[in-house]
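**Student:** Could you look at this predicted model? Sequence included:
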2 protein chains.
Amino acid sequence: MEIKGFTFSAVEAAIKKPGRLDLAVVISELPAATAAVYTTNLVKAAPVLLSMERSAKGVSRALVVNSGNANACTGSQGLSDALETTRLIAERAGVAEDLVLVASTGVIGKPLPMEKIRGAVPGLFAPSAVTDLDGLARSIMTTDTFPKVKTCIGEAGGISYSLAGVAKGAGMIMPNMATMLSFLVTDAAVDPEYLSTVFRDAVDASFNIISIDGDTSTNDMAVIMANGMAGNPTIQRGTPEAARFEAHLQETLLSLACQIVRDGEGATKFVEIRVTGAYSNSDAKKAAMAVANSLLVKTAFFGQDANWGRIIAAVGYSGAEIDQELISLSFDDVLMVCNGVFVGGDAEEKGSEVLRKSEFSVTIDLALAEGRATVYTSDLSHDYVSINADYRT
Amino acid sequence: MEIKGFTFSAVEAAIKKPGRLDLAVVISELPAATAAVYTTNLVKAAPVLLSMERSAKGVSRALVVNSGNANACTGSQGLSDALETTRLIAERAGVAEDLVLVASTGVIGKPLPMEKIRGAVPGLFAPSAVTDLDGLARSIMTTDTFPKVKTCIGEAGGISYSLAGVAKGAGMIMPNMATMLSFLVTDAAVDPEYLSTVFRDAVDASFNIISIDGDTSTNDMAVIMANGMAGNPTIQRGTPEAARFEAHLQETLLSLACQIVRDGEGATKFVEIRVTGAYSNSDAKKAAMAVANSLLVKTAFFGQDANWGRIIAAVGYSGAEIDQELISLSFDDVLMVCNGVFVGGDAEEKGSEVLRKSEFSVTIDLALAEGRATVYTSDLSHDYVSINADYRT
């Protein structure tokens, strides 16, 4: 898929193990309206600090990203390495240095291997580089087992435009922001101020409703660049074009978010947690998140055990207001609990059947009011422990 | 050890697998000043609801406890089963029914097997019952691998008294309350109102500073009964006797809390997390708890990986105020991070050596002010996943 005026390029810089792409650049032919959302972790990696400052202008030309090293907890050396990386790209690409954003993902606390990056940058501009979207998606993988890409075609004022996104996930996945890295590009012309709010909303309704392990990373970053080269009339807030653009953006981000959950470290299940009947949407989200993050619930999912008691217990400590005598719970459409009590009969057997599926939903109705929320999560398996016990070795 | 005027009795009621004690009673010859702390989970098991009501009077004569079934999420049937259990004990022991407390631990959502309990109660008053403190401790074990007991001798007004406690832990361990069950008895005479506040403080400084899996149970309960049969002058707030009593109580509860962490489900490490230099003690506790509950930190402990970056990241999202450029971190006395940056040299090697020990400390200095907190936690192993994936099968 072509996104007009955007080029992608990825190479092996040997930051990760040989044979894996680990350095990539996205360049826009024209300055692009740019919005970004960053980690809420107070410990922020050097590339996050630098990109926060630069993206605040609402415009950018390029983004450089490496995997294998997070350039986090690296002090002033980390900041000067991030700066140098963007300068190397700016020089080669012929763009202003302060229009280059930078992102990193990987091991925390080791200096960025600048020799390798300096050596690899020319390759990004050579014919041997991998120049498709898939290459970009692969270059940001760490413990991910597959590249995460989503594209779609929109239309505004009779002109069609393209929207494409990539993401990486796997571990340290928890809202605000959820994903470690996600980059979106579109050739649509979009009002920059409108882009900024709509992007934040779409991130809230996608990356911020997934959870794998409850850890928020130091490097989370989601960026969208819109260069307008499709030639459509600029999309403005409140128009029918805006509504359609929001739907496409939402669909793209939610697809990437769900791909991240499906590829959660060691995940064997993809579970939708739906809470209804809460006093407020925020109460519903608290309850759903508590369930999604409970180790006891996640290990029960892994064990294919219809252990609804652990789910009710997690709702009970979530901070959401509840009345335990009103709660009902279903696995897919199998009602397990009604008014806080197990329904009995063949529910245990039918519930266990649902749990043996690789994808299912859990619906918890608090029966108090109209608040609702949905979050997506994975199970907790032996492989999660193995992957994270041995990550650096 | 004798605690004057208290008798213990435990039997096999076949609620758990054969060969394991699962029903026990503690009886005081005289009415005992009683204080208790209960789970903060809004979903409360029937025995919790009943004991909360009864212990509010500040006096009790007996406590009956079963393991193997939590009598949680069992609705009105659960409440009437809890009531009947206390009535059976009251009749046999010849005490008023409303002076009998009740506790349960085990699987959630199944009705209490009352036939078994009715059949087993007479045995509690027969010579064949197990009548020591160890029997009580064993009768409340679920996935615990060893009974948890702590005793000590105190002195007030020249009269020596005994204090003894038991606890169970293993899973669903997270502050407020931390332990699922803990029972303490003393033959000291203690002012009831004073007992209530001092017990809550001691629980805060023991069970509420440990975390194994971040799940708060529906059945948590800690109770102390003081029957005064040692014959000491009643211990009153603000006296030297009170200070010594508090120290003994603290020591007993902290010992039980640490035994729970050591026996955390699948635990291979006992880790003390110390945070110093925070703006407040509460900020320090937030930071320490975030580290203790991080799956990435806990799996790194299991992997014996000195992955300090994950610890710093957890501090960053803990909600505590920090300045990432001031943080330092040590494993035991090996300094790993200074001013937010890895110290280099042989720290990696020496840090890894510490992580290979079965017990070690992590000290995080925020270097902002004087706030401090210590929490105790375990690692997250393959066995935790196995135990909890297969708990009901």
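**Tutor:** It's in. Residues are numbered from 1 along each chain as shown, chains lettered A, B, ... in the order given.
**Student:** Pull the number of nearby residues for the closest residue to chain B within the stretch 101-250 of chain A.
**Tutor:** Using Cβ to the nearest Cβ, residue A:108 is the residue of the stretch 101-250 of chain A that sits closest to chain B, at 2.7 Å. Every C-beta, even on glycine, is put in place using the N, C-alpha and C of the backbone. For residue A:108, the neighbour count with other Cβ atoms under 10 Å in any protein chain shown is 25.
**Student:** out of everything not next to it in sequence, what's closest to it?
**Tutor:** residue B:309 (2.7 Å; Cβ to Cβ, 6 or more residues apart in numbering or on different chains).
**Student:** same thing with residue A:300?
**Tutor:** Per Cβ to Cβ, 6+ apart, closest to residue A:300 is residue A:307, 4.0 Å.
**Student:** For the closest residue to residue A:151 other than its chain neighbours, grab the count of nearby residues.
**Tutor:** Of all residues not flanking residue A:151 in the chain, residue A:164 sits nearest, at 4.3 Å (Cβ to Cβ, 6+ apart). Number of residues near residue A:164 (other Cβ under 10 Å) recorded here: 23.
**Student:** residues touching residue A:164, list them.
**Tutor:** A:1, A:3, A:133, A:149-152, A:184-186, A:252 (Cβ atoms under 8 Å, 6 or more residues apart in numbering or on different chains).
**Student:** I'd like the distance between the residue nearest to residue A:108 and residue A:43.
**Tutor:** Noted for residue B:309: a distance of 9 Å to residue A:43, by Cβ to Cβ, to the nearest Å.
**Student:** which residues are common contacts for these two?
**Tutor:** Counting by Cβ under 8 Å, 6+ apart, the residues touching both residue B:309 and residue A:43 are A:72-73, A:218.
**Student:** Need those residues in JSON lines (columns: neighbour count).
**Tutor:** Output for these, formatted as JSON lines (neighbours: other Cβ atoms under 10 Å in any protein chain shown):
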{"residue": "A:72", "neighbour count": "30"}
{"residue": "A:73", "neighbour count": "27"}
{"residue": "A:218", "neighbour count": "29"}
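**Student:** Let me know the closest of these to residue B:116.
**Tutor:** Taking Cβ to Cβ as the measure, residue B:116 lies nearest residue A:218 of these, at 53.1 Å.
**Student:** what sits against the closest one?
**Tutor:** A:39, A:41, A:43-45, A:48, A:70, A:72-73, A:108, B:309, B:312-313, B:316.
**Student:** Just send these back as TSV, with pLDDT and secondary structure too.
**Tutor:** Formatted as TSV, these follow (pLDDT from 0 to 100; DSSP: H, G, I helix; E, B strand; the rest coil):
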residue	pLDDT	secondary structure
A:39	82	coil
A:41	81	coil
A:43	83	coil
A:44	87	coil
A:45	89	coil
A:48	92	helix
A:70	89	coil
A:72	89	coil
A:73	88	coil
A:108	84	coil
B:309	87	helix
B:312	91	helix
B:313	86	helix
B:316	89	helix
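**Student:** give me every residue that touches residue A:101.
**Tutor:** Residue A:101 touches A:34, A:36, A:50-51, A:54-55, A:60, A:62-64, A:86, A:223, counting by Cβ under 8 Å, 6+ apart.
**Student:** So among those residues, which ones count as buried?
**Tutor:** Buried members of those, scored by 16 or more other Cβ atoms under 10 Å in any protein chain shown, are A:34, A:36, A:50-51, A:54-55, A:60, A:62-64, A:86, A:223.
**Student:** Looking at those, spot the one nearest chain B.
**Tutor:** Among the buried ones among the contacts of residue A:101, and counting by Cβ to the nearest Cβ, the member closest to chain B is residue A:50, at 14.6 Å.
**Student:** Does the closest one lie in a helix or a strand, and which?
**Tutor:** For residue A:50, the element it lies in under DSSP states H and E is helix A:46-55.
**Student:** Mind listing residues that contact that helix?
**Tutor:** So helix A:46-55 is in contact with A:34-36, A:38-39, A:44, A:60, A:71-72, A:74, A:78-79, A:81-83, A:86, A:98-104, A:218-221, A:223, going by Cβ under 8 Å, 6+ apart.
**Student:** Narrow those residues to those that are buried.
**Tutor:** Buried, going by 16+ other Cβ under 10 Å: A:34-36, A:38-39, A:44, A:60, A:71-72, A:74, A:78-79, A:81-83, A:86, A:99-104, A:218-221, A:223, out of the contacts of helix A:46-55.
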